[in-house]
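Q: below: sequence and its predicted model.
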There are 2 protein chains.
Amino acid sequence: MNAEIIAVGSELLTPQRIDTNSLWLTDQLNALGVEVTSKTIVGDHRERLAETVRAACARSDIVILTGGLGPTEDDVTRDAVAAALGRTQVFHQDICDGIEQRFRRFNRAMAEINKRQAFVIEGAEVLPNPNGTAPGQWIEDGGRAAMLLPGPPNEMKPLFTGECLPRLQALLPPQVIRTQSYRIALMPESEVDQRIAPVYTKYTNPVTTILAAAGDIQIHLRARCSSEAEAESLLAEVGSQIETILGAWIYAKNADPLEAVVGHALRARAQTLSVAESCTGGLVAERITSVPGASDYFLGGFLTYTDRIKTELVGVPELLLREHTAVSEPVAEAMARGARERTGSTYALSVTGVAGPDGGAEATPVGTVIVGLAGPEACRTRRTRFLGDRDRVRALAAQLALDMLRRELLPSPRW
Amino acid sequence: MNAEIIAVGSELLTPQRIDTNSLWLTDQLNALGVEVTSKTIVGDHRERLAETVRAACARSDIVILTGGLGPTEDDVTRDAVAAALGRTQVFHQDICDGIEQRFRRFNRAMAEINKRQAFVIEGAEVLPNPNGTAPGQWIEDGGRAAMLLPGPPNEMKPLFTGECLPRLQALLPPQVIRTQSYRIALMPESEVDQRIAPVYTKYTNPVTTILAAAGDIQIHLRARCSSEAEAESLLAEVGSQIETILGAWIYAKNADPLEAVVGHALRARAQTLSVAESCTGGLVAERITSVPGASDYFLGGFLTYTDRIKTELVGVPELLLREHTAVSEPVAEAMARGARERTGSTYALSVTGVAGPDGGAEATPVGTVIVGLAGPEACRTRRTRFLGDRDRVRALAAQLALDMLRRELLPSPRW
């Protein structure tokens, strides 16, 4: 079955606003085995929206509208869908009473215009909306379905999950969908693809998708079968081959980001971490502490943005800085050792480099990054050069630091 | 004049991909005084795309297509537009030669399928693409225009700016567009709107738009006039009233983020900054150092995530921590003073708080944040409570810290 999504609202046609509802809805639909074949954003314009709905209903099994259910003249979704389907609208006193009660609960009087929200398209089922005044509507016709959902995500999502999902499942042939994810740090997308394409191209089920962000690749497998056992077995068959090929490059077999994986490992080993960051300016620590409960293993650290501060805060010898410059292995090592000693942590990560756009030198061009990792046994460093702008170099440098620690914490460290 | 944008590509119909080209294009079109009335995303499906293009051309003055110009069978934009307009396609040997040369420059041979990219719709102008193999196409018909642009932003943007913009300007009535922006930290969107609505609702020109992110509001004014002087005068008339109402709440009269504003002020005064961050875990420093050249004024600082580290790294007395807990004004002040003394910076910012989801207490519920600011004369602190999840509390805490410093650095500090 195919679906299309129509987002309604002139604010979604500005340069600043993105329709994110449709991403969430696509995820939900894909999990049901439903493909989204087109997405449209229409302003608050009755005729244009009616035309869009008419075309969508003519070619798609499932049509989902979000937004435009408010009480004002600008909210045209109800009218447009009614016009497109050639149906009338019926006033529901019980909906009106519900809206009035909702206002009373907040000690406010219902405005007359809110009555507009109590109109329901002929033949539609009302979908109660506990988080707002606008109820949703579900219209089914010969195995096809259209639904009207409110625009605010906190209203739309529970309404879809609670009301639409069960109705959609009833429309669809019985099937089981199972998924498996892998996350990989710092391998280029083209290389991931080249390595695993010989495996995944042999299978049309599961479907394999590769998603790339800076220094972070996700592989998604989605199996659609008639039984759970069959789906799991297909995922295991393809997944095990991918795991063999990518080995320690895989940092998570679920959606966990790298900072969460590192956090789990530290907590499991009852070990602690500190940092000394120069060019990343706090980005490594910010990622580590974005995970709830990070205080179980993260102690703190140092932001050492100048040479003097590197010496004064973490004890990098002035001589080292003079001889090797701040962007050098000896300084990265001294930063990591200094942070580890001063905080008493099990491990310490250090990052020094040239994020750009200025500041490069012949031996250390813009993009040069050195990560240090001090542990109970030794201190190792890694030098690399990233291409891209300041934001990208900093993001990749933080990713490299976290991945170095992740590999160190593997049952048998692999580099 | 009205425009609509059609993004082509099945990858844009996955849960993970967003069509960001259309945001940039909308900005460009709005600056010309052209409104975008709808946006559509269609997969790599010839008939469906042809139908979409047919409907768009029937109702809109300007139709922009991005993507689907590649060499493979999946790239259907040329065929679909030709079909929609009932035109044939013509092979251009010179385009084919250009593509071949491009491959040769990278020491590769052109594949046979790339010849598909040398087909041009009957009557279309070819728009050379210096950054890729797929040229754009411009089709004009009775004051209306359709254009085919490549999908990759680094190809699409220069092609639009260099080739389409001048052609569009020639189609449009002569006019001048001028804009003015304001940025405001930590005032709720509803309050900004309530304060300035009495002004902006009096004017249909300039058009006023308010955009809200967590703790950060942008106000955009856009004046469209026949002369530059008239546009500037309208902006000054409305802008001066907004400036009077919002006063020191306005942190920038352009697009600069708060960390850049603070950076400019520190550099202008030849002063320096350090930080001591607890619940924000490096976020304040990360924002400060995201600005190129931040090493001119940012020295470094401390991440003090545990009580012991607060004592050992920045000298917060153990007694203070025991008596007042880590989330208290005395500790925030001791952190700021400690960071300032240990780094020798002019100012030091400290942040302590409860980001959640756990860790709240009766006196310091989740969301409680205290910011300290130590300067040459005094140390001030500010306590507040933010609502929202961990990410939001941390983001707002960092925003509050930066805004405190920004207000301190005003020619006459205002709170």
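A: That came in fine, so what should we check first? Numbering: from 1, shown residues only, chains lettered A, B, ... in the order given.

Q: how far away is A:Gly136 from chain B?
A: Separation of A:Gly136 from chain B (C-beta to the nearest C-beta, to the nearest Å): 21 Å. (Each C-beta comes from the backbone N, C-alpha and C, glycine too.)

Q: please apply the same query to A:Ala229.
A: Counting by C-beta to the nearest C-beta, the separation of A:Ala229 from chain B is 26 Å.

Q: what helix or strand is A:Gln16 located in?
A: Per DSSP states H and E: A:Gln16 is located in neither a helix nor a strand.

Q: quick check: it touching B:Leu23?
A: Yes: between A:Gln16 and B:Leu23 a contact is recorded at 7.2 Å, counting by C-beta atoms under 8 Å.

Q: who are the contact partners of the residue nearest to A:Leu69 when sequence neighbours are not counted?
A: Closest residue to A:Leu69 apart from its sequence neighbours, by C-beta to C-beta, 6 or more residues apart in numbering or on different chains: A:Ala134 at 3.8 Å. Going by C-beta atoms under 8 Å, 6 or more residues apart in numbering or on different chains, A:Ala134 touches A:Leu69, A:Gly70, A:Pro71, A:Gln117, A:Pro150, A:Glu155.

Q: and the residues you listed, which two are furthest apart?
A: A:Pro71 and A:Glu155 (14.0 Å; C-beta to C-beta).

Q: who has more neighbours out of those two?
A: Between A:Pro71 and A:Glu155, counted using other C-beta atoms under 10 Å in any protein chain shown, the more crowded position is A:Glu155 (21 against 18).

Q: re the thing from before, and the residue nearest to A:Leu69, that's in a strand?
A: No: checked against DSSP: H, G, I helix; E, B strand; the rest coil, A:Ala134 lies outside a strand; its state is coil.

Q: quick one on the thing from earlier: A:Gln16 and B:Leu23: which has the busier surroundings?
A: For A:Gln16 versus B:Leu23, the count of surrounding residues by other C-beta under 10 Å is larger for B:Leu23: 19 against 15.

Q: now the more buried one: how far from chain A?
A: 5 Å.

Q: buried stuff in stretch A:357-370?
A: Neighbour-count burial for stretch A:357-370 flags A:Gly359, A:Thr364, A:Val366, A:Gly367, A:Thr368, A:Val369, A:Ile370 (criterion: 16 or more other C-beta atoms under 10 Å in any protein chain shown).

Q: that older thread, please flag which of the contacts of A:Ala134 sit within helices.
A: Residues of the contacts of A:Ala134 located in helices (DSSP state H): A:Glu155.

Q: out of the contacts of A:Ala134, which is nearest to chain B?
A: A:Gly70 (15.7 Å; C-beta to the nearest C-beta).

Q: got a list of what the closest one touches?
A: Per C-beta under 8 Å, 6+ apart, neighbours of A:Gly70: A:Gln117, A:Ala134.

Q: tell me the pLDDT of it.
A: You'll see A:Gly70 listed with a pLDDT of 88.

Q: ok, now A:Gly359?
A: 89.

Q: contacting residues for it?
A: Shown in contact with A:Gly359 (C-beta under 8 Å, 6+ apart): A:Val366, B:Ser295.

Q: restricted to strands, list the contacts of A:Ala134.
A: Of the contacts of A:Ala134, none are assigned to strands by DSSP state E.

Q: how close does the residue in the stretch 51-200 of chain A that chain B sits nearest to get to A:Glu362?
A: In the stretch 51-200 of chain A, the residue that lies nearest chain B is A:Ala55 (6.7 Å; C-beta to the nearest C-beta). In this structure, A:Ala55 and A:Glu362 are 61 Å apart, going by C-beta to C-beta, to the nearest Å.

Q: now the residue nearest the centre of chain A: how far from A:Glu286?
A: With distances taken as C-alpha atoms, centre = their mean, the residue of chain A nearest its centroid is A:Ala255 (8.8 Å). Distance, A:Ala255 to A:Glu286, by C-beta to C-beta: 20 Å.

Q: quick revisit: correct me, but the residue nearest to the centre of chain A touches A:Ser181?
A: Yes: at 5.7 Å, A:Ala255 and A:Ser181 qualify as touching, with contact defined as C-beta under 8 Å.

Q: now do the shared contacts for these two.
A: Overlap of the contact sets of A:Ala255 and A:Ser181 (by C-beta under 8 Å, 6+ apart) consists of A:Gln218.

Q: so which residues of the stretch 301-415 of chain A form strands?
A: A:347-353, A:368-374, A:379-385 (DSSP state E, counting those that start in this stretch).

Q: re the thing from before, quick one: secondary structure of the residue nearest to the centre of chain A?
A: Assignment for A:Ala255 (three-state DSSP): coil.

Q: need the contact list for it.
A: By C-beta under 8 Å, 6+ apart, the neighbours of A:Ala255 are A:Ser181, A:Arg183, A:Gln218.

Q: confirm that the second one sits in a strand.
A: This means A:Arg183. Yes: secondary structure of A:Arg183 (three-state DSSP): part of a strand.

Q: check it and give its pLDDT.
A: pLDDT, A:Arg183: 97.

Q: what's the local residue count around it?
A: A:Arg183 sits with 20 neighbouring residues when counted by other C-beta under 10 Å.

Q: ok, so what distance separates it from B:Pro15?
A: 16 Å.

Q: likewise the last one?
A: The span separating A:Gln218 from B:Pro15 equals 11 Å under the rule C-beta to C-beta.

Q: hang on, the earlier thing: deepest in the core, which of the strands of the stretch 301-415 of chain A is it.
A: Ranked by mean neighbour count, the strands of the stretch 301-415 of chain A are led by strand A:347-353 with a mean of 30 (mean count of other C-beta atoms under 10 Å in any protein chain shown).

Q: buried ones in stretch A:220-233?
A: Of the residues in stretch A:220-233, A:His220, A:Leu221, A:Arg222, A:Ala223, A:Arg224, A:Cys225, A:Ala231, A:Glu232 count as buried by neighbour count, 16+ other C-beta under 10 Å.
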